[in-house]
Each structure stands twice: as structure tokens, then as C-alpha cells.
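Chemist: Using only what follows, build the 3D model:
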Amino acid sequence: MTKFGLFILLLTIIACKEKSVPAIPILIDTDANNELDDQHALAYAFFNAETFDIKGITVNATFGGGDAAQQMVEAERVMQLCNVSGKYPLIKGATLNFDTLSTLITMDSFDGSEAVDFIISEVMKMAEQNQKLILVPIGKLTNIALALMKKPEIKEHIRIVWLGSNYPDPGEYNLENDIPAMNYILSLNVPFEMVTVSYGKLTGSDFVKVTPAIMEEKMKGKGPVDAPVNGRNGGTFTSFGDYSINLFSHIDLYGDPPSRALFDLVALAVTKNGSWGQKRTVKSPIMADSIWVTNDKINRDVIVWENFDRDAILEDFFKSVDEASKQ
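Modeler: Here you go, the predicted structure:
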């Protein structure tokens, strides 16, 4: 074989290896109707179908956006605007919280049981293939905590990457929506990662902010769909990009210049590329009386994500939207 022929063969082998990289199996648990970051996180996942093997979307309800049924409506709207309606299962989960629902766990049906059973089923399918399913909750942790309570053995077959907490500081929206659910998960020896929020700091996902002007510039007309979709705030939309701009026009903005963080998007981004954040390990954290303490009853590590590469994450998001617009 000539040197040129060998060179071509090597290029072919490298190309084949790159194409054979398996997609990352994920299941997203979302409070889609809460504000606007869930919608962008879902779109990012849908527009990265070559990267993420999406097993399904489960929905829960947090303080904002109504009950689980209303959260479902928004999740379905985003699926329509991303041309994936019907492609992935969309399952309604809990409106109520862990302390109430944990007392009903032995019943055949309870608030959120459909999502709980779906999570268990998808995890066990992956277990049969000796693989782990990455659960990406971007709201409260109720559905996942209940799934772990109902079938504890799934903890051997999952990795949880949660957008939540201001660790080591108290507070944070997703956390405060169901602290007992988080504490239950932290009491188990299950792989758990916290993609921190850290309001007002440069270290958390709150740093990954965008202005309405940038969204107007980058998103207008991007991600077109064939049929108009009714928006949450009225009007109809024929692209996810235009809906994104509309969401930004109906939300409170903060900082100088006025902007809004795409918190939930960051959890998907670091799942795709771990170099877009820094992680450290902490020993057995748990929350007591709204303060982080060490749980002496269990010896386990938790990964804390922080110091995110805002420019790289936003560049990849906009690139994903651009690529979807070409299809």
C-alpha cells in the first residue's frame, strides 16, 4: 500500500470512530412552564439529537407555572416548536411534594405515579444493557426521589445531574420547592451532581445570562416549523427562535445590562461537554433547617459543578439552533 493509500485508510478509520461515538442516554425531568430556562434547555436537547439519546421527558410542578398538567402543555408546545412532537414520550409527574406522596408509594396510582413508573422502566431497560441512564432534573426532585423509593435498586443504574442549589449557601428555587426530596436522594448512595445556581455570583449558572437584544439577533426566525403554534403569552409562532424572543419579552430582567439566565440549559451543556464547567467533590452534604451540614450517617461523595464557561455554552446553544434551521 502506498503512503497516500495508508493515509486515506487512517482518515477513514478515524472518521468511522468519530461516527461510532454513542449518544448520551438521558431522561429530562422539567417544570417546563415555570419561567423560560426550561424551554431553552429542552430545545437544546432536541437540537442535539446526535449527542443525546433522549428516552423521554417527565414533568413536575413547582411554585410557578401551575400544576403538572399546565407544565405538560408548555413542554408539548416546545416539542412542537422543535419538530419533535410525538418523537419522545412526554409523561406527567407530580404536582404535590415528596413528603405527601411518599406515604402513597405502595398504591398503584397516585399523583405523579405515571412519571415515577416511567423513570423506573427506562432505567431498568438500560440496566438490561449494562448501561446507566443519566437523569437530568431541571426542577424539583420529587419524581426522581419517589422512583428511588419505589424501586431502590435503580440507584445502581443512574447518574443524576441536577440543576439546583446555591451550595454551600442556602436557598435556590428548585431546592426550596422540595427539600425533603433532595434530602432523601442525598441519604442514598446514588451518583448525584449539583449544577449550582448561585444567584448574583460569577461561579454559578446564574452567570450564563443573555440579553433580549442578543436573543433577537441570534434567534429571530431560527428553528422553523411547518404549522403555527400558539404561544404561552398569546400569538402564534412558526419558529422556536421567535417564541424564545417572545418569552424574553414577558420575563423580569436583572443586572446591567438587563438580562436573564438560562440556568437549566447549563445542566445539559455540562452533560454534553464536561470541560464547560469545573467540578469538585464534597462529602455527604444534606440540608437541615435550611443550612447545609454533613450527614454523618452516610459516607458518600457528591459532585458540585461551578465556574461555567458562559461563552462556550451560549455559542454551542446558538450553533445548535442554527444547525436545526438548516434541516
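Chemist: which residues in the stretch 151-300 of the chain form helices?
Modeler: 173-177, 179-186, 212-219, 240-248, 263-272 (DSSP state H, counting those that start in this stretch).
Chemist: what packs against the longest one?
Modeler: Which is helix 263-272. strand 24-30, helix 37-46, strand 52-59, strand 133-137, strand 158-163, strand 192-195, helix 310-326 (3 or more Cβ pairs under 8 Å, 6 or more residues apart in numbering; DSSP states H and E). Just so you know, the C-beta spots here come from the backbone N, C-alpha and C atoms, and that holds for glycine as well.
Chemist: just to revisit the earlier point, nearest to I138, out of the helices of the stretch 151-300 of the chain?
Modeler: helix 263-272 (3.8 Å; Cβ to Cβ).
Chemist: my guess is F118 meets T58, correct?
Modeler: Yes - F118 is within contact range of T58, at 6.3 Å (criterion: Cβ atoms under 8 Å).
Chemist: Between those two, which contacts overlap?
Modeler: Counting by Cβ atoms under 8 Å, 6 or more residues apart in numbering, the contacts common to F118 and T58 are I91.
Chemist: before we move on, the earlier item: pick the most deeply packed of the helices of the stretch 151-300 of the chain.
Modeler: helix 263-272 (a mean of 26; mean count of other Cβ atoms under 10 Å).
Chemist: So what's the model's average confidence on that helix?
Modeler: The pLDDT scores in helix 263-272 average 98.
Chemist: From the chain's centroid, how far away is it?
Modeler: Offset of helix 263-272 from its chain centre (Cα atoms, centre = their mean, to the nearest Å): 6 Å.
Chemist: what inclination does that helix have with respect to strand 52-59?
Modeler: Per axes from the mean of the first three to the mean of the last three Cα atoms, to 10 degrees, the angle that helix 263-272 makes with strand 52-59 is 150 degrees.
Chemist: could you give the angle of helix 263-272 to strand 133-137?
Modeler: Using the same axes, to 10 degrees, helix 263-272 lies at 160 degrees relative to strand 133-137.
Chemist: Alpha carbons only: can I get helix 263-272 in PDB?
Modeler: C-alpha atoms of helix 263-272 as PDB (Å, rounded to 0.1, in the frame of the first residue of the first chain):
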ATOM      1  CA  PHE A 263     -30.000  28.200  34.200                       C
ATOM      2  CA  ASP A 264     -31.400  24.800  33.100                       C
ATOM      3  CA  LEU A 265     -29.500  24.900  29.800                       C
ATOM      4  CA  VAL A 266     -26.200  24.600  31.800                       C
ATOM      5  CA  ALA A 267     -27.100  21.200  33.200                       C
ATOM      6  CA  LEU A 268     -27.500  19.800  29.600                       C
ATOM      7  CA  ALA A 269     -24.400  21.600  28.500                       C
ATOM      8  CA  VAL A 270     -22.000  20.100  31.000                       C
ATOM      9  CA  THR A 271     -23.600  16.700  30.400                       C
ATOM     10  CA  LYS A 272     -22.600  17.100  26.800                       C
END
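Chemist: what sits up against it?
Modeler: In contact with helix 263-272 (Cβ under 8 Å, 6+ apart) are residues 24, 26, 28, 30, 37-38, 40-41, 44-45, 48, 51-52, 134, 136, 138, 161-163, 195, 197, 205-206, 208, 276-277, 305, 308, 313, 316-317.
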